[in-house]
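*Asks:* Just the structure for this:
(4 chains)
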2 protein chains.
Amino acid sequence: MQKYTNWYIFAMLFATNMSKAERTKQFIVEKTAPIFNVKGYAGTSVNDMMAATGLTKGSIYGNFRNKDDVALAAFDHNRKKVDQVVRREMEKEKSAKGKLMVYAKVYGNFYKDAFPEGGCPILNTAIEADDTHAVLREKAADAITGWKNNIAGIIQKGVANNEFSADVDPEQIAISIVALIEGGIMVAKVTGKLNYRTAIMKSVEKMINDLS
Amino acid sequence: MQKYTNWYIFAMLFATNMSKAERTKQFIVEKTAPIFNVKGYAGTSVNDMMAATGLTKGSIYGNFRNKDDVALAAFDHNRKKVDQVVRREMEKEKSAKGKLMVYAKVYGNFYKDAFPEGGCPILNTAIEADDTHAVLREKAADAITGWKNNIAGIIQKGVANNEFSADVDPEQIAISIVALIEGGIMVAKVTGKLNYRTAIMKSVEKMINDLS
DNA sequence: AATAAAATATACCGATTGGTATTATTTCAA
DNA sequence: TTGAAATAATACCAATCGGTATATTTTATT
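*Replies:* Numbers count the residues shown, from 1 in each chain, chains lettered A, B, ... in the order given. Here you go, the predicted structure:
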């Protein structure tokens, strides 16, 4: 009579539930992520989220506990979007210098679609959250440190195979490249001047070239 | 009978009015400026402004048309605060290199009181306002460009008296120094790591040293 | 097709938002 | 000291805030 064990039924229900829930959750995140990146956390209202998704409060709050949860997921989503482009472009490069130059290219806006609306989510989140939202601030800080470690690792490999000179300080250069790029994004975005961006990216390239 | 002409009475009343009004306006700006710099424009409420000043709405709205006006004045105030420290320190320096190094020193946090609570107001305002508040965005953009011009002018003088080599591009270096410093402030603030800040400021110094 | 559950919509909540009109108080010249 | 103007405090406004409880519709399983 009983075709399925209780365990199986439970598992299927659970799995179905999860996959559907995850689908709508993903939908909400995708639609709200650019808004959080443009208006910021404090500037984005639940009404904005409803307008962006076409869903009602009940639907949104059925999938997320509160605005915070959506904002956190939206940041992760925005970050992943940039990361994917960087990783994809970096795989094409063999040399350490080539890999480092990917950052200058991606953040120098040669790949416009790399960034979500509103610019670099790490930068935006760092500035808004550093004094007001501990969890978001730590997420932004982790992103910075991870990025720095990534660059430092590439530099170290370049030193190891004599592509770069031995007396460079990988950590110092790595965090400086991060700062220069992020500062460049801010400057270029707020002034809207393309030549500012290209000038700063030239400095990034010089910083990389000075390694060898 | 009439000791004073109508014009004189009007002038005195006007002057008195202005000076008193300016005093309370100044008070409101001074007290709210750090809050705008920490919480941002969208994150700062009229209640916050009342709490910071100890004044009521009637008093605040009697001196400012709306929240916008206070925010604009607060930005100018915060900017001036940083500018004053920079200018004061720069007067002590004679050489072009010495003058440029002032930025590394001031923004490298050797003068902690130079910045209002919340960090660099130009950076904070640029990030929040670039997509949401045209007037504030332009103020931030003007600050960036003015700062860049200031640095470029110093470099040009350094080139003119052979302190720097003739083949440097003052504009390119100037905007890059701005970007590196602002990016450095963001990185240092969000991570809280002092060694990040010192590493980045070392790169600023290198950028300046490379001029000669 | 029936049913249970999951997803979404509706309607509402108290609190807070930015802002205003009015009243009370302070300031200051005459 | 007084009277008028300047300033600040009070009380109130509609709108919106983030969030919740309940009702309705969709979805999936047997």
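
*Asks:* Do I have it right that A:Pro34 meets A:Pro121?
*Replies:* No - the criterion here is CB atoms under 8 Å, and A:Pro34 misses it with A:Pro121 at 9.6 Å. All C-beta atoms are positioned from the backbone trio N, CA, C, and that covers glycine.

*Asks:* Give the helix, strand or coil label for the residue in chain A positioned nearest to chain B.
*Replies:* Across chain A, no residue is closer to chain B than A:Gly183, which sits at 2.9 Å (CB to the nearest CB). Judged by DSSP: H, G, I helix; E, B strand; the rest coil, the three-state class of A:Gly183 is helix.

*Asks:* And for it, the neighbour number?
*Replies:* Counted with other CB atoms under 10 Å in any protein chain shown, the neighbours of A:Gly183 add up to 27.

*Asks:* Give me the nearest residue to it, chain neighbours excluded.
*Replies:* In this structure, A:Gly183 finds its nearest non-sequential neighbour in B:Gly183, 2.9 Å apart by CB to CB, 6 or more residues apart in numbering or on different chains.

*Asks:* next one: A:Tyr41
*Replies:* A:Ala71 is the one closest to A:Tyr41 (CB to CB, 6+ apart), at 5.1 Å.

*Asks:* pull the helix or strand with minimum mean pLDDT from chain A.
*Replies:* None of the helices or strands of chain A scores lower by mean pLDDT, DSSP states H and E than helix A:6-43, at a mean of 72.

*Asks:* Now do the contacts for the residue sitting nearest the centre point of chain A.
*Replies:* Per CA atoms, centre = their mean, the C-alpha nearest to the average position across chain A is that of A:Arg79, at 1.6 Å. Contact partners of A:Arg79, counting by CB atoms under 8 Å, 6 or more residues apart in numbering or on different chains, are A:121-122, A:143.

*Asks:* do that again at 10 Å, thanks
*Replies:* A:33, A:116, A:120-122, A:125, A:139-140, A:142-143, A:146-147 (CB atoms under 10 Å, 6 or more residues apart in numbering or on different chains).

*Asks:* Please tell me how far A:Ala114 sits from DNA strand D.
*Replies:* 28 Å (CB to the nearest atom of the strand, to the nearest Å).

*Asks:* residues near that residue, how many?
*Replies:* A:Ala114: 19 neighbours (other CB under 10 Å).

*Asks:* Can you check what pLDDT the model gives it?
*Replies:* Note on A:Ala114: pLDDT of 82.

*Asks:* returning to that earlier point: of all the residues in the helix or strand containing the residue nearest to A:Tyr41, which ones are buried?
*Replies:* If you go by DSSP states H and E, A:Ala71 is part of helix A:67-91. Neighbour-count burial for helix A:67-91 flags A:67, A:70-75, A:77-79, A:81-82, A:85-86, A:89-90 (criterion: 16 or more other CB atoms under 10 Å in any protein chain shown).

*Asks:* Among these, which one sits closest to A:Ser203?
*Replies:* Taking CB to CB as the measure, A:Ser203 sits nearest to A:Val86 out of the buried residues of helix A:67-91, at 19.4 Å.

*Asks:* Local confidence estimate at the closest one?
*Replies:* pLDDT for A:Val86: 94.

*Asks:* so what's it closest to, chain neighbours aside?
*Replies:* Closest residue to A:Val86 apart from its sequence neighbours, by CB to CB, 6+ apart: A:Val106 at 5.3 Å.

*Asks:* tell me the contacts of the one you found?
*Replies:* Counted by CB under 10 Å, 6+ apart, A:Val106 has contacts A:82, A:85-86, A:88-90, A:114-115, A:181.

*Asks:* Need the max-distance pair from these.
*Replies:* Most distant of the contacts of A:Val106, by CB to CB, are A:Arg88 and A:Ile181, 18.0 Å apart.

*Asks:* Okay, and the residue in chain A that DNA strand C sits nearest to sits in which element?
*Replies:* Nearest residue of chain A to DNA strand C, counting by CB to the nearest atom of the strand: A:Gly58, 2.0 Å away. Assignment of secondary structure by DSSP H and E places A:Gly58 within helix A:57-63.

*Asks:* for that helix, what is the average pLDDT?
*Replies:* 93.

*Asks:* ok, it near DNA strand D or not?
*Replies:* Yes - residues of helix A:57-63 contacting DNA strand D under CB under 7 Å from any atom of the strand: A:57-58, A:61.

*Asks:* So which bits of that helix are buried?
*Replies:* Buried residues in helix A:57-63, defined by neighbour count with 16+ other CB under 10 Å: A:60, A:63.

*Asks:* Mind giving me the packing neighbours of that helix?
*Replies:* Contact analysis of helix A:57-63 by 3 or more CB pairs under 10 Å, 6 or more residues apart in numbering or on different chains; DSSP states H and E lists helix A:6-43, helix A:46-53, helix A:67-91 as its packing neighbours.

*Asks:* let's see 8 Å
*Replies:* Applying 3 or more CB pairs under 8 Å, 6 or more residues apart in numbering or on different chains; DSSP states H and E, one finds that helix A:57-63 contacts helix A:6-43, helix A:46-53.

*Asks:* Other residues contacting that helix?
*Replies:* Residues beyond helix A:57-63 that count as contacts (CB under 8 Å, 6+ apart) turn out to be A:21, A:24-25, A:28, A:46, A:49-50, A:53, A:70.

*Asks:* before we move on, back to that, what's the angle between the helix holding A:Ala71 and helix A:46-53?
*Replies:* Using axes from the mean of the first three to the mean of the last three CA atoms, to 10 degrees, the inter-axis angle of helix A:67-91 relative to helix A:46-53 is 50 degrees.

*Asks:* next one: helix A:67-91 to chain centre, how far?
*Replies:* 4 Å (CA atoms, centre = their mean, to the nearest Å).

*Asks:* Buried by neighbour count: which residues of the helix or strand that comes right after it qualify?
*Replies:* Reading on from helix A:67-91 to the C-terminus, the next helix or strand found by DSSP H and E is helix A:96-105. Neighbour counts using 16+ other CB under 10 Å place A:96-97, A:99-105 of helix A:96-105 among the buried residues.

*Asks:* Check stretch A:143-161 too.
*Replies:* A:143-145, A:147-148, A:150-152, A:154-155, A:158-159.

*Asks:* Quickly check: that stretch near chain B or not.
*Replies:* Yes - against chain B, stretch A:143-161 shows contacts by CB under 8 Å from any CB of the partner chain at A:144-145, A:148.

*Asks:* does A:Asp131 count as helix, strand or coil?
*Replies:* Under three-state DSSP, A:Asp131 comes out as coil.

*Asks:* actually A:Glu117, not the one I typed
*Replies:* Going by three-state DSSP: A:Glu117 is coil.

*Asks:* Could you check how many residues crowd around the nearest residue to it once chain neighbours are set aside?
*Replies:* Of all residues not flanking A:Glu117 in the chain, A:Pro34 sits nearest, at 4.0 Å (CB to CB, 6+ apart). The number of residues packed near A:Pro34 is 19, by other CB under 10 Å.
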